[in-house]
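# Got a sequence here, can you build the structure:
(2 chains)
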Amino acid sequence: MNDIELKNLSFAYAKESVLKDINLSYDKKDFLVLIGPNGGGKSTILKLILGLLKPTSGEVKVKEGLKLSYVPQNTNINKEFPMRVIDAVLMGRLQKRKFGFFKSIDKQRAKEALQAVGMSGFETHNIAKLSGGQRQRVFIARALCSDADILLLDEPTANLDRKSQSDVYELLKKLNKKVGIIIVSHDTAILLGYATKIAYINQTLHMHDAIDKTKEDFKSDHICPVELMHAGCDHD
Amino acid sequence: MIEVLHYDFMQNALWAVLLVSIATSVIGPLVVVNRMVFVAGGISHGSYAGLGVAIFLGFAPILGALISALIFAIIIGLVSFNFKDRIDTIIGAMWAFGMAFGIILLDLTPGYNVELMSYLFGSILGLGSFDIWMMGLLDIIIIAAITLFYKELLAVSFDSEFASLQGINAKLFYVGMIILVSFGVIVSIQAVGLILIIALLTIPPFIAEKFVNSLALMMVVSFFISLFFMLAGLYLAYSFNISSGASIIAVASIVLFIVLIAQKLFYNSVKFKRMQI
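Numbering: from 1, shown residues only, chains lettered A, B, ... in the order given. Take a look at the predicted model:
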C-alpha cells in the first residue's frame, strides 16, 4: 500500500458538492502540489486527509504508524496574540492526556526543529512581530517537531514576497529528503522547480507527473502562460 | 486609614481584593485573547438569575450565582459548537433573561429590600467569611486548572485546529475554559459587581499585553495591575467617601488612557528616529 490513498472520495457541504470521486495515491518521497481554482476543493482535500473533515463517501487511508502534520494558511494567525516562537513550536509536542508542563526533551526537540528551518535564536521573539516568511518557517518547525512523516501545507507562501517564497520552497525541498510534502498552492512558479507530482483539482482530480510532462502540456491544460513565463524567469 | 484595618469587614475586603485580583488576572487574559468578553458579560449578568433564586429561597447568594453561571457556561459552550452564527444573539438573550429573572425574584422576596446598585458595583465592604472561603476555594480550582492545562488552553486559544490534530479535545477544553470564566466571574461578583468584573477582566490584560510576549506573563502582569487598581480605588473611595466600585473603574480607566497615550507618543518618537536614519 502507498503512504496515503484516497479512494472514490467525495465531499459536500450541506448539499453543495465540493469534491467528486477523488482517487489519489501518495508516497512520501513525492513533493505533491495541489493546484486549481479558488473553491475548487484543494484545502478541503488537505482537511479530509488530516481527518479534520469527514468524507461524504469514499475513504482516506493513511499507512499504519505514519504521522501527518499540518501548516495552516498564513493569514489565519491572530496578530494580537502574545506568543513566543518557542511556545508556538512546542504545540507540535502536545500529546493526548499528557497534562502539566513540557519536558526538557520537548524543548530540545522544538529547538532542533527551529534550527532545521533556520530560525535558531528567535525562540523568545513574539511570533506576531516576525515577517511573513519567518512566521511560516516557525509553523513548519511546529509541524516538524511533532515527528511528522508527511507535512501538509495550505498555501504556505500566500502574502509572501518572491524571495521569501523561494526560500520556503527551498526549505521544503530540503525537508522532502526525509518527510513527505503535500502542498496547496496558487503559485504556479513552484511547479517547475520543486514538485515531483502535480494534482489539478476542480471538484475532480487530474494527476500529472511534473517531470515527465512537458511545459506545452501544462500550457494547453490549466496554466496561464504569463505565470509560466514568470516561473521560467525565476529559475533561469 | 490604619485603624480601619482592625475591623473584620476591612480585613475581608482586603482578602477579597487579593482573591479577585488572582481570579480576574488568570481568567482575563484567556477572555481577551479568545475574544470572549461578551461571553463573560453574558455569564456574569445571567448569574443574576441564580442570585435571585438563592435570596428568594434563603441560601447563600454566591452558591446560587455559581450554579446559574455553570449552567449558562455549559449552554454557551454547546451553542457555540452547534449554532455558531447566532451565538452572540443567544448570549444577549441569556444576559437579559438572567437580569430580569433575578430582579423579579428579588421583588417577590418578602421583606427583602436589596440595593440593586450593590450587585451592579458590588459590596466589597459587606462580605462575610463564608464568602471569602468560597472565593478562595474557587481561586484554588482556577489556579490548579490553569497549571495543569496551561499548554492545552494556550494551544486551543492560539490554533484550535492544530491542537486537535495533536489529539487535544479542543471542544472539551473550550467548554472547560468557559467554565473557568464562570468561576472567575463568581469569585468577583459579590465583591466588585457585574460592571467591575468586565473592567477587571479586560483592562489589566489589555495593558499587560503591550509589555509581554506570553500568555503566562500576561497573567502575572495583569495580577499586579488589578491589585493596584483595586487598592488605589479603595483608598480613594475611603478618602473621599465615594463608592468603591466606581472609583476602582475610574482608576483603571485613567491608567488605561495614560498607557494608550504614552504608547502613541512612544511609537511616534520611534518612527521619528527611524525616519531620521
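
# ok, whichever residue of the stretch 51-200 of chain B sits closest to chain A - how many residues close by?
For the stretch 51-200 of chain B and chain A, the shortest gap (CB to the nearest CB) falls at B:G167, measuring 3.6 Å. To be clear about C-beta, it is placed using only N, CA and C from the backbone, and glycine gets the same treatment. Neighbourhood size, B:G167 [other CB atoms under 10 Å in any protein chain shown]: 11.

# and it, which of the three is it?
coil (DSSP: H, G, I helix; E, B strand; the rest coil).

# What of A:F11?
Quick answer, by three-state DSSP: A:F11 is strand.

# Can you verify my assumption that it contacts A:I49?
No: using CB atoms under 8 Å, A:F11 is not in contact with A:I49; the gap is 11.3 Å.

# which residue does chain A bring closest to chain B?
A:K96 (3.6 Å).

# what's the closest non-adjacent residue to that residue?
Among residues not flanking A:K96 along the chain, B:G167 sits closest, at 3.6 Å (CB to CB, 6 or more residues apart in numbering or on different chains).

# before we move on, what about B:S68?
B:G50 (2.8 Å).

# And B:V185, by the same measure?
B:S44 (4.5 Å).

# contact partners of the helix or strand harbouring the residue nearest to B:S68?
Here B:G50 sits within helix B:48-57, counting by DSSP states H and E. Residues from elsewhere that reach helix B:48-57 (CB atoms under 8 Å, 6 or more residues apart in numbering or on different chains): B:60-69, B:97-99, B:101-106, B:108-109, B:112, B:114, B:119, B:189, B:194.

# And the buried ones among those residues, selectable in ChimeraX?
Selecting only the buried entries of these in ChimeraX, with 16 or more other CB atoms under 10 Å in any protein chain shown as the criterion:
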select /B:61,62,63,64,65,66,67,68,69,97,98,99,101,102,103,105,106,114,119,189,194
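
# just checking, which of the contacts of helix B:48-57 belong to helices?
Within those, residues falling in helices by DSSP state H are B:61-69, B:97-99, B:101-106, B:108, B:119, B:189, B:194.

# Please enumerate the helices of the stretch 151-277 of chain B.
Assigned by DSSP state H, counting those that start in this stretch, the helices in the stretch 151-277 of chain B fall at B:170-208, B:215-240, B:244-276.

# Please disregard the earlier target; I meant chain A.
A:42-50, A:85-90, A:104-116, A:132-144, A:162-175, A:189-193, A:215-221, A:225-234.

# Now render those as TSV, adding mean neighbour count and mean pLDDT.
Below are the helices of chain A laid out as TSV (neighbours: other CB atoms under 10 Å in any protein chain shown; pLDDT from 0 to 100):
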stretch	mean neighbour count	mean pLDDT
helix A:42-50	22	90
helix A:85-90	24	94
helix A:104-116	17	92
helix A:132-144	24	90
helix A:162-175	17	85
helix A:189-193	20	67
helix A:215-221	13	47
helix A:225-234	13	43
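
# Any chance of TSV for the ones you listed, columns distance to chain B?
Output for these, formatted as TSV (distance: least, CB to the nearest CB, whole Å):
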stretch	distance to chain B
helix A:42-50	6
helix A:85-90	6
helix A:104-116	10
helix A:132-144	7
helix A:162-175	18
helix A:189-193	23
helix A:215-221	32
helix A:225-234	30
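
# is it possible to export the ones you listed to JSON lines including distance to B:L14?
Shown next, in JSON lines, are these (distance: least, CB to CB, whole Å):
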{"stretch": "helix A:42-50", "distance to B:L14": "52"}
{"stretch": "helix A:85-90", "distance to B:L14": "35"}
{"stretch": "helix A:104-116", "distance to B:L14": "39"}
{"stretch": "helix A:132-144", "distance to B:L14": "44"}
{"stretch": "helix A:162-175", "distance to B:L14": "54"}
{"stretch": "helix A:189-193", "distance to B:L14": "63"}
{"stretch": "helix A:215-221", "distance to B:L14": "74"}
{"stretch": "helix A:225-234", "distance to B:L14": "67"}
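
# ok, how many other residues are close to the closest residue to B:V220 other than its chain neighbours?
In this structure, B:V220 finds its nearest non-sequential neighbour in B:S25, 7.7 Å apart by CB to CB, 6+ apart. Using other CB under 10 Å, B:S25 has 25 neighbouring residues.

# same question, A:K63
15.

# Quick check: it touching A:S25?
No: using CB under 8 Å as the test, A:K63 is too far from A:S25 to be in contact (11.1 Å).

# Could you name every residue contacting both of the two?
A:2, A:4.

# before we move on, back to that, the residue nearest to A:K96 contacts A:R93, doesn't it?
No: contact criterion CB under 8 Å: B:G167 and A:R93 do not qualify, at 11.6 Å.

# so what pLDDT did residue 71 get?
With no chain named, the answer covers chain A. pLDDT, A:V71: 91.

# Sorry, I should have been clearer: chain B.
93.

# about what we covered before: enumerate every residue touching the residue nearest to B:V220.
So B:S25 contacts B:204-205, B:219-220, B:222-223, B:225-226 (CB under 8 Å, 6+ apart).

# and the gap between A:I150 and A:F31?
11 Å (CB to CB, to the nearest Å).

# do you know how far the residue lying closest to A:Q203 once chain neighbours are set aside is from A:K7?
Spatial nearest neighbour of A:Q203, excluding adjacent residues (CB to CB, 6+ apart): A:K20 at 5.2 Å. The span separating A:K20 from A:K7 equals 13 Å under the rule CB to CB.

# what do you get for B:S182?
Computed as CB to CB, the B:S182 to A:K7 distance reads 46 Å.

# more crowded one of those two?
Using other CB under 10 Å, the more surrounded residue of B:S182 and A:K7 is B:S182, with 28 against 14.

# show me the contacts for the more buried one.
B:43, B:47, B:66, B:69-70, B:72-73.

# so can I have TSV of those showing distance to A:I181?
Formatted as TSV, those follow (distance: CB to CB, whole Å):
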residue	distance to A:I181
B:I43	45
B:S47	51
B:L66	51
B:A69	48
B:L70	46
B:F72	46
B:A73	42
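
# Point out the most buried one among the helices of the stretch 151-277 of chain B.
helix B:170-208 (a mean of 24; mean count of other CB atoms under 10 Å in any protein chain shown).

# average pLDDT across it?
92.

# gap between that helix and the chain center?
Helix B:170-208 has its average C-alpha position 3 Å from the chain's average C-alpha position, going by CA atoms, centre = their mean, to the nearest Å.

# Fine by me, we can end here.
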